[in-house]
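Novice: give me a model of this one.
(one chain, ligands or ions: 1)
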Amino acid sequence: MEETTDLADAAQKVLKENDRENFTIPAEGLYPHQWLWDSCFIAIGLRHTDLDRAQTEILSLLRGQWANGMLPNMILGDNTFLNRRSPAYRIWKSWLNPNSPDELVTSGITQPPLLAEAIVKLGDRMNKTERRSWYQTVFPALLAYHEWLYRERDPHNEGLVLQIHPWETGLDNTPPWMNEIREHSLPLWISLLEKAHMSPLINIFRRDTLRIPSAERLDAIDALVLYSTQRRLRRKNYDIDNILAHSLFAVEDLSFNAIFIRANQHLIDIASFINTKLSDELLNNIKKTQSTLEELWDPYTNQYYSRNFVTHRLLKESSIATLMPLYAGSISKERAKKLVKMLENEHFFGPSYPIPSVPVNSSWFKPTLYWQGPTWVNMNWLIIDGLERNGFHDHANALKESTIEMVKRSGFSEYFNPLTGEAAGAKNFSWTAALVIDLLKT
Ligand code: GLC
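Specialist: Next comes the predicted model:
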């Protein structure tokens, strides 16, 4: 019991240290800005200790919303005060798109739609009157965001929303995406650098590998691929019609869409709580997303995959996204059971400190390499929630316990080696701390 209190206190300390008044940075040094899904996870933890501050975390996110409804994955800073020589400022140039806010510099892409989850989780800590007023405050922004996702990211009205950069999934170098980019849009200059084995030289110029061992960060070539993909989007001023017209590649990402399905359910519940009617068009779209997710199921390998937006080819690489339909909450018991079986298998998603971000027996698996092996607390949190709602209470409890145990042993790291439970990546990472508070208190 005492140990538990100590852990919760230590987690709170991490959040205090990363607190920048109205938002929380993910980690000192490596991540100095505000990120979309990070702030949602952080607010979910903060609601137990300081509900006002948790609300501020969400409201400060909404400052970054674009006029078309998009929520950017990063808010880089105030337009007038931001150092114009800072790399983030020069990389994004959000002002190229007329929808970007005037006072803030942001990124030009989004991240998983966790906003609705965070809004509801904060609402759970309020009495009815407070909740109504909270929901009324944030509902217009939430609605505009979901409507934007359908309008701009489901241009053929298929039900699934597309993503244009792996950063939008939050799982940056996840195998299905890296495979797809390498096959379809690897610039010639990057292939040449790769052939010439230039990674060690490129690493000299990286900021992240100054702080974290390079074996724990993305491979240098993969990092270049991600930046060059971002540059192509910037050249199109982050305009989706322009991007799709030039057939830059796009993926209907499994994890993103699973989160969207859950978020839509929350949106419906929030609207009903404040007696607001959602349009028939939106409600039809929401239904369609649930049914179209089933098109991502592959009967030969018994699992879901992301798919290429243009060709509809499934990207058959397993990753942590494989389990995310459990979080969506819309899949059949039979399919849910098949996913849970993979979690039970120690050669797949069930090593000593689950859940690895790619299966242990995958050729991609590297235990400390970012989204290509390590265990991440945010994904565990989402899947614990999904297991609960699908009725797998024992699995949910076991995963909760191993997650807490891992953090108790190794600290509030960004990610963990799933074979040993050892820390990897940045230290004192905010969402690890916030979600451990939540796991301890719920
Ligand atoms: C990395 C992660 C992403 C996260 C960001 C800030 O880019 O892949 O999910 O939001 O860092 O923590």
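
Novice: please identify the buried residues of stretch 311-327?
Specialist: Residues of stretch 311-327 classed as buried: 314-315, 317-327 (neighbour count, 16 or more other C-beta atoms under 10 Å). From N, CA and C alone the C-beta is placed, and that goes for glycine too.

Novice: quick one: terminal-to-terminal distance for that stretch?
Specialist: 26 Å (C-alpha to C-alpha, to the nearest Å).

Novice: then stretch 228-241?
Specialist: End-to-end distance for stretch 228-241, by C-alpha to C-alpha: 19 Å.

Novice: can you tell me what sits against it?
Specialist: For stretch 228-241, contacts defined as C-beta atoms under 8 Å, 6 or more residues apart in numbering pick out 91-94, 96-97, 108-109, 152-153, 155, 164-167, 181, 185, 187, 190, 242-243, 246, 248.

Novice: burial measure for the residue in the stretch 1-150 of the chain that the ligand sits nearest to, as a count.
Specialist: Nearest to the ligand in the stretch 1-150 of the chain, going by C-beta to the nearest ligand atom, is residue 26, at a distance of 3.4 Å. For residue 26, the tally of surrounding residues (other C-beta atoms under 10 Å) stands at 23.

Novice: so what touches stretch 259-266?
Specialist: 112-117, 119-120, 146, 149, 161, 286, 289-290, 293, 324, 327-330, 382.

Novice: can you do 7 Å?
Specialist: Residues from elsewhere that reach stretch 259-266, judged by C-beta atoms under 7 Å, 6 or more residues apart in numbering: 112-114, 116-117, 120, 146, 149, 161, 286, 289-290, 293, 327-330.

Novice: and those residues near the ligand, which?
Specialist: Counting by C-beta under 6 Å from any ligand atom, nothing from those sits close to the ligand.

Novice: circling back to that earlier point, so which of the contacts of stretch 228-241 belong to helices?
Specialist: Per DSSP state H, helices hold the following members of the contacts of stretch 228-241: 91-92, 152-153, 181, 190, 242-243.

Novice: list buried residues within the contacts of stretch 228-241.
Specialist: Buried, going by 16+ other C-beta under 10 Å: 92, 94, 97, 108-109, 152-153, 164-167, 181, 190, 243, 248, out of the contacts of stretch 228-241.

Novice: closest to residue 435 among those?
Specialist: The closest of the buried ones among the contacts of stretch 228-241 to residue 435 turns out to be residue 167 (C-beta to C-beta; 20.7 Å).

Novice: for residue 342, see how far away that closest one is.
Specialist: Look at residue 167 and residue 342: by C-beta to C-beta, to the nearest Å, they are 26 Å apart.

Novice: tell me the contacts of the residue of the stretch 151-300 of the chain found nearest the ligand?
Specialist: The stretch 151-300 of the chain approaches the ligand most closely through residue 170 (3.5 Å), counting by C-beta to the nearest ligand atom. Residues in contact with residue 170 (C-beta under 7 Å, 6+ apart) are 37, 111-112.

Novice: format the ones in helices among the contacts of stretch 228-241 as JSON lines; extra columns: distance to the ligand and pLDDT.
Specialist: As requested, the ones in helices among the contacts of stretch 228-241 are arranged in JSON lines below (distance: C-beta to the nearest ligand atom, whole Å; pLDDT from 0 to 100):
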{"residue": "91", "distance to the ligand": "13", "pLDDT": "90"}
{"residue": "92", "distance to the ligand": "14", "pLDDT": "93"}
{"residue": "152", "distance to the ligand": "21", "pLDDT": "98"}
{"residue": "153", "distance to the ligand": "18", "pLDDT": "98"}
{"residue": "181", "distance to the ligand": "15", "pLDDT": "88"}
{"residue": "190", "distance to the ligand": "20", "pLDDT": "80"}
{"residue": "242", "distance to the ligand": "25", "pLDDT": "95"}
{"residue": "243", "distance to the ligand": "21", "pLDDT": "95"}
